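S.K.: Build the 3D model from these lines:
(chains A and B)
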Amino acid sequence: MITQREVLETNEMIEKENLDVRTITMGISLLDCISSDIDELTKNIYNKITTTAKDLVAVGQEIEKKYAIPIVNKRISVTPIGLVGASACKSEDDYVKIAKTLDEAAKAVGVNLLGGYSALVSKGMTPSEEMLIRSIPKALKATERICSSVNVGSTKTGINMDAVRLIGQIIKETAEISKDNDSMACMKFVVFCNAPDDNPFMAGAFHGVTEADAIINVGVSGPGVVKNALEKVRGESFEVLCETIKKTAFKVTRVGQLVAKEASRKLGIPFGIVDLSLAPTPAVGDSVADILCEIGLEYAGAPGTTAALALLNDQVKKGGVMASSYVGGLSGAFIPVSEDQGMINAVEAGALTLEKLEAMTCVCSVGLDMIAIPGDTKATTISGIIADEMAIGMINQKTTAVRIIPAVGKKVGDVVEFGGLFGYAPVMPVNQYSCDAFVNRTGRIPAPIHSFKN
Amino acid sequence: MKKTVITVVGKDTVGIIAKVCTYLAENNVNILDISQTIVQDYFNMMMIADLNNASKSFGDVSDELAKLGEEIGVIIKCQREEIFDSMHRI
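M.R.: Purely as a prediction, here's the structure:
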C-alpha cells in the first residue's frame, strides 16, 4: 500500500517543484493525403488531422484531472511537408497554403502548436524541398501555431552546406518579417543535425517517415524536482550526486510513461516513446541552470559547466531509461537561454557566452537554443554558427540543433521579449570575424569516417 | 480494483474529517484506509478510497471535493492511485 510519505512527496513535486508532463504530442502521418492537386491535398490534410486528433485535447485534460498532474501542452507533429507537398506544390505560395491548412486544423482540434513544416535535406535538396525552405518566412508569418524545422546533416550523410547557406538567409528573412514583434517568428524555426523521427518537443517535432500512421509521444520535465533533490545532498560525493539525479529522473519519467500509456489506450493510438528531458521554463525554480549551480557552479558558464552538464545529462538518461519501456526523442537536458531564468542571469552576469554554450551542446541533448543575437549579424555568420553546431552533431553521433533569433534593430545588451513560456533573452555578442568564403563554397561536407560501420 | 487517493491539506480546524467523510458516504464511496498527521499546525490527511460503486463519476467527485475544501479552508485533491504506484514502486 502507498504510504502517506510517498503521496506527500509526489504532490510536493507537482505543487512546489513544477513537476509536469510538458507535452503529449500526437504524431500523424500525412503520406496517405498526398495528391497532385493542391486543393485535394489540403482537404485531405485537414480531414486527416481533425479526425485523428479530435479527442487529443479532451483526453489530455481527462488524464490531468485523474492524476492531478498538469499536462502543459497538447500538440501534433506531422510528416515533413517537404515530402507531402512535393507533388502538388508548384510554387512557394502553394506551400504557404498547406501551412495555413495545418494552422486551421491545429486550431480546430485545439492544440497550441503543430510541427512538421519541415524538410529533410541532410544530403541534398529536391527542388520542392528547396521551395518549402524558401517559403518558411512567409509560412510562419501567415500562421500562428505552425513550427518549422530543417534537417541539414547527419552522421550517415554529412552536412548539406548548400542548405546551411540557404538557411542563414532564411533565418534573416524570418527575423525581418516579424521585426515588429522582436523577430519572434524565428522561435518557431529550428535547424537540426541527426533530427529524431519521434521528438515530441517544439519547434523541432515532426512525424518521421519511419513511423506508424499515428503515434503518441510524451515529453516529461522537472528541472525543479532535480534541483530540490540535490539541495538535500550538498557537499556529498559525485556518487551520491549521481545516484540522487538518477532516482529523481526515474520518478519523473515514470509519470511520463503512465500518462503516455493512458493517453495511448484512451485514444486507441499506439504509444511511441517517452522523451526524458529536463525542459526548463522561465518560472522560478524550473531551471536547468539552477541545477548546474546546485551541483557547484556560481553561474552556468563557469569553468566546470560542461562537465557538470555532461554528468547531469547522463544520469537523467540512466535513471529515465529504466522507468520507461521505450525512450526516444531528444532525451536529456535542454539548455535554452530565454526559457531558463538561470541561463538568462548567467548571460547578464557575463558568465555565459555563445562559445561556452557551443561547448555545452557537445554533451547536452540539443543545441544552441533560443539565443538572441544582434539583428545586423550577417546571414553567412549565422550559417557559420549553424555549420559549427551541425559538425558537433555529425562527429559525435548525436542530435544538435540551432534556434537563433537575429533580433532586428537590437544590439548587444538589449533584451528581446518573447512573453509567456518563452521568456526573454539578452542579446548576446557574436564573433565579428568573417566566414564568408567558407560558407560560400558549394556542395556538402562528407560523412565522417566513423559513419561507415557496414 | 482501482483505488483513489484523497489528500486533505490545510489549517487544522474542527470537523474536517467529518465533513469529508459525510460527503463520501452520501456518494457511496467506501473508505479503505485513512491516516492523519498534524505538522506545524497543518492538517495532513490521506485516504484511500474505492470509487467503483460511487454514485457520481470520478470527475464530479473530484470537483465537488475540491469545492468542499474551499468551503472549509483546506485543499482536497483526488488522484488515482496509479500515479503513486508508478513513481514509487518498481
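S.K.: do the longest helix along chain B and chain A meet?
M.R.: Longest helix in chain B by number of residues (criterion: DSSP state H): helix B:58-72. Yes. Against chain A, helix B:58-72 shows contacts by CB under 8 Å from any CB of the partner chain at B:58, B:59, B:62. Yep, even glycine has a C-beta here, placed from its N, CA and C like the rest.
S.K.: got the contact list for the first one?
M.R.: For residue B:58, the contact set (CB atoms under 8 Å, 6 or more residues apart in numbering or on different chains) comprises A:65, A:66, B:4, B:51, B:78, B:80.
S.K.: and with 10 Å instead?
M.R.: A:62, A:65, A:66, B:2, B:4, B:51, B:78, B:79, B:80 (CB atoms under 10 Å, 6 or more residues apart in numbering or on different chains).
S.K.: so where do the strands sit in chain A?
M.R.: Using DSSP state E, the strands found in chain A span residues A:21-28, A:71-78, A:113-120, A:146-154, A:158-160, A:189-193, A:214-220, A:271-278, A:332-333, A:368-374, A:400-407, A:415-417, A:424-426, A:444-445.
S.K.: The fourth one versus strand A:71-78: what angle between them?
M.R.: It refers to strand A:146-154. For the pair strand A:146-154 and strand A:71-78, the angle between their directions (axes from the mean of the first three to the mean of the last three CA atoms, to 10 degrees) equals 60 degrees.
S.K.: Given strand A:146-154, what are its sheet partners and their directions?
M.R.: Sheet pairing for strand A:146-154, assigned by DSSP bridges, gives strand A:113-120 (parallel), strand A:158-160 (antiparallel), strand A:189-193 (parallel).
S.K.: Highest mean neighbour count out of those strands?
M.R.: For those, the largest average neighbour count (mean count of other CB atoms under 10 Å in any protein chain shown) is found in strand A:189-193, namely a mean of 29.
S.K.: Just checking the distance from that strand to the centre of its chain.
M.R.: Going by CA atoms, centre = their mean, to the nearest Å, the spacing between the C-alpha centre of strand A:189-193 and its chain's C-alpha centre is 9 Å.
S.K.: Give me the mean pLDDT for that strand.
M.R.: For strand A:189-193, mean pLDDT is 97.
S.K.: ok, which residues in the stretch 201-350 of chain A are in contact with chain B?
M.R.: A:250-259, A:261-262, A:322-323 (CB under 10 Å from any CB of the partner chain).
S.K.: okay if I get those as TSV plus distance to residue A:50 and pLDDT?
M.R.: Formatted as TSV, those follow (distance: CB to CB, whole Å; pLDDT from 0 to 100):
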residue	distance to residue A:50	pLDDT
A:250	37	94
A:251	36	93
A:252	33	92
A:253	32	93
A:254	33	93
A:255	29	92
A:256	27	93
A:257	28	94
A:258	28	94
A:259	23	94
A:261	25	95
A:262	23	94
A:322	38	91
A:323	34	91
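S.K.: Now, the residues you listed that are in helices?
M.R.: A:250-259, A:261-262, A:322-323.
S.K.: Against residue B:61, how distant is the spatially most central residue of chain B?
M.R.: Nearest residue to the geometric centre of chain B (CA atoms, centre = their mean): residue B:6, 2.4 Å. With distances defined as CB to CB, to the nearest Å, the gap from residue B:6 to residue B:61 amounts to 9 Å.
S.K.: Mind listing the shared neighbours of these two?
M.R.: B:24, B:29, B:49, B:51, B:78.
S.K.: My guess is the fourth one contacts residue B:79. True?
M.R.: No. Under the criterion of CB atoms under 10 Å, residue B:51 lies out of contact with residue B:79, with a separation of 11.4 Å.
S.K.: anything in contact with each of those two?
M.R.: Common neighbours of residue B:51 and residue B:79 are listed as B:4, B:6, B:58, B:62 (criterion: CB under 10 Å, 6+ apart).
S.K.: residues near the first one, how many?
M.R.: This means residue B:4. Residues lying near residue B:4 (other CB atoms under 10 Å in any protein chain shown) number 21.
S.K.: which residues pair with it across the strands?
M.R.: Each beta-bridge partner of residue B:4 is listed here: residue B:49, residue B:80, as defined by DSSP bridges.
S.K.: right, and it touches residue B:62 too?
M.R.: Yes. Counting by CB under 10 Å, a contact exists between residue B:4 and residue B:62, whose distance comes to 8.7 Å.
S.K.: Now list whatever residues contact both of those two.
M.R.: Jointly contacting residue B:4 and residue B:62 under the rule CB under 10 Å, 6+ apart are A:66, B:51, B:78, B:79, B:80.
S.K.: Quick one: those as CSV, columns for pLDDT too.
M.R.: As requested, the shared contacts of residue B:4 and residue B:62 are arranged in CSV below (pLDDT from 0 to 100):
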residue, pLDDT
A:66, 94
B:51, 92
B:78, 94
B:79, 95
B:80, 94
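S.K.: Can you say which of the residues you listed are buried?
M.R.: For the shared contacts of residue B:4 and residue B:62, burial is judged from neighbour counts taken by 16 or more other CB atoms under 10 Å in any protein chain shown, and it is met by A:66, B:51, B:78, B:79, B:80.
S.K.: Against residue A:365, how distant is residue A:401?
M.R.: Here the distance between residue A:401 and residue A:365 works out to 9 Å (CB to CB).
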